[in-house]
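Undergrad: Provided below for reference: sequence and predicted model.
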Amino acid sequence: MKTSAPTWLLAPLMMAWPLLIWWLHDLVGSWPLLIAGAGLLAWRFPESRWLAATAGAGLVLLGLVGEAEWGVRAYPVAINAVMLALFAESLWQGQPIIERLARLREPDLPPAGVRYTRRVTRAWCVFFMINGGIAAWTALYASLALWTLYNGVISYGLIGLMFAGEWCCRYRLRRATP
């Protein structure tokens, strides 16, 4: 699948969002960053544009009823909420997301593999709830530096640990299965 140039340009920008906020907040202010963040959110999930657009509108609304910085800092919370909604919805409608990914590599996934992918999808749902909760806490109560550290570094490390842990479990289960 061919990826457009804007995707390659904007994907690193979205991943670096907390660091950009830390560097640019005093320079450009909250409102331009809030509008950019809401737009990035809607762009990031083209297959669920309505959900992402709703989350982006929620960020702007948060900025309007409170402070624009609240909307800016809530961006990681919105990302976790959208991911949670997508993963949870996939558990009830059709194949779970993790099963779809597994079938790309193994189209004839055995029943044990299907059960495993459902458990992994549930585990990601729990991860997104916890990570989103911590992101919300940092948005509301932490300094900008701590918010940036958690949402721009630590949460990505936790995602990496989640991937690595799942890979180790899958490897162990495959070796144990005859």
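TA: Good, I have the coordinates.

Undergrad: now the helices for this structure?
TA: Remark: helices assigned in the chain by DSSP state H are 5-15, 17-28, 30-44, 49-65, 68-73, 75-92, 97-105, 111-141, 144-149, 155-176.

Undergrad: Export the ones you listed to a markdown table and append columns for mean neighbour count.
TA: For every residue, glycine as well, the C-beta is placed using N, CA and C. Below are the helices of the chain laid out as a markdown table (neighbours: other CB atoms under 10 Å):
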| stretch | mean neighbour count |
| --- | --- |
| helix 5-15 | 11 |
| helix 17-28 | 16 |
| helix 30-44 | 19 |
| helix 49-65 | 17 |
| helix 68-73 | 23 |
| helix 75-92 | 20 |
| helix 97-105 | 15 |
| helix 111-141 | 17 |
| helix 144-149 | 16 |
| helix 155-176 | 12 |
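
Undergrad: Would you format those helices as a markdown table with mean pLDDT included?
TA: Formatted as a markdown table, the helices of the chain follow (pLDDT from 0 to 100):
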| stretch | mean pLDDT |
| --- | --- |
| helix 5-15 | 63 |
| helix 17-28 | 75 |
| helix 30-44 | 78 |
| helix 49-65 | 87 |
| helix 68-73 | 88 |
| helix 75-92 | 93 |
| helix 97-105 | 87 |
| helix 111-141 | 94 |
| helix 144-149 | 92 |
| helix 155-176 | 86 |
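
Undergrad: List of residues touching stretch 113-131?
TA: 80-81, 83-84, 87-88, 90-91, 96-99, 101-102, 106, 109, 155, 158-159, 162, 166, 170, 173 (CB atoms under 8 Å, 6 or more residues apart in numbering).

Undergrad: now do stretch 94-105
TA: In contact with stretch 94-105 (CB under 8 Å, 6+ apart) are residues 86-87, 90, 109, 113-114, 117-118, 120-121, 124.
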